[in-house]
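K.L.:
any chance you can model this:
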Amino acid sequence: MTYNDRILIREKYKNSLDPYVMDWINFFTPIEYNIWCVIRLLGLKFVPQYPIGKYFVDFANIQEKICLEVDGKDWHNDLEKDRARECEIKNRGWKIIRISGKDSYDEETVMEIFKKSGIISYPPLTRLTFKTTKSKIIV
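P.N.:
Numbers count the residues shown, from 1 in each chain. Got it, this is the predicted structure:
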């Protein structure tokens, strides 16, 4: 998807663009969709295809200024262009977290990346165990 395609999508849906309601399957690559599903599962506040300067990032937490970039195997062919893009985003105060396309297919790995980067603070895939007493539930 080109920059102009993304601008057209934003213009088309600007009055009704709620990222948590919109069906993104037609706009995401499969690896982006994998990450979006984990974001929604965890209830994280990320917006897809967010513009930062003249670039779009895959997902952005606007309040924390954290962006997620999901990198497919064929994505970074022009390293100089990628460095310039990354520098501009970082110079605007954003933290960039990269997730490989391969990792996007493993939910546990994605949650571990989120945990290590501080996006989530609880252990990934932790199951709560409940103990009951006569009058209370202890977690």
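
K.L.:
contacts, neighbours, all on C-alpha from now
P.N.:
OK.

K.L.:
low-confidence ranges, the protein, go.
P.N.:
Within the chain, the segments meeting pLDDT under 70 span 1, 3, 6-7, 9-25, 74-77, 122-139.

K.L.:
tell me where the chain has helices.
P.N.:
3-12, 30-42, 79-91, 101-104, 107-116 (DSSP state H).

K.L.:
of these, flag the one that's most buried.
P.N.:
By mean neighbour count, with neighbours taken as mean count of other CA atoms under 10 Å, helix 101-104 ranks first of the helices of the chain at a mean of 19.

K.L.:
and it, what does it pack onto?
P.N.:
Counting contacts by 3 or more CA pairs under 8 Å, 6 or more residues apart in numbering; DSSP states H and E, helix 101-104 is packed against helix 30-42, strand 66-71, helix 107-116.

K.L.:
CSV for these, including distance to residue 95?
P.N.:
Shown next, in CSV, are those (distance: least, CA to CA, whole Å):
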stretch, distance to residue 95
helix 30-42, 17
strand 66-71, 5
helix 107-116, 13
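
K.L.:
nearest to residue 50, out of these?
P.N.:
Residue 50 sits nearest to strand 66-71 of all those, at 8.8 Å, using CA to CA.
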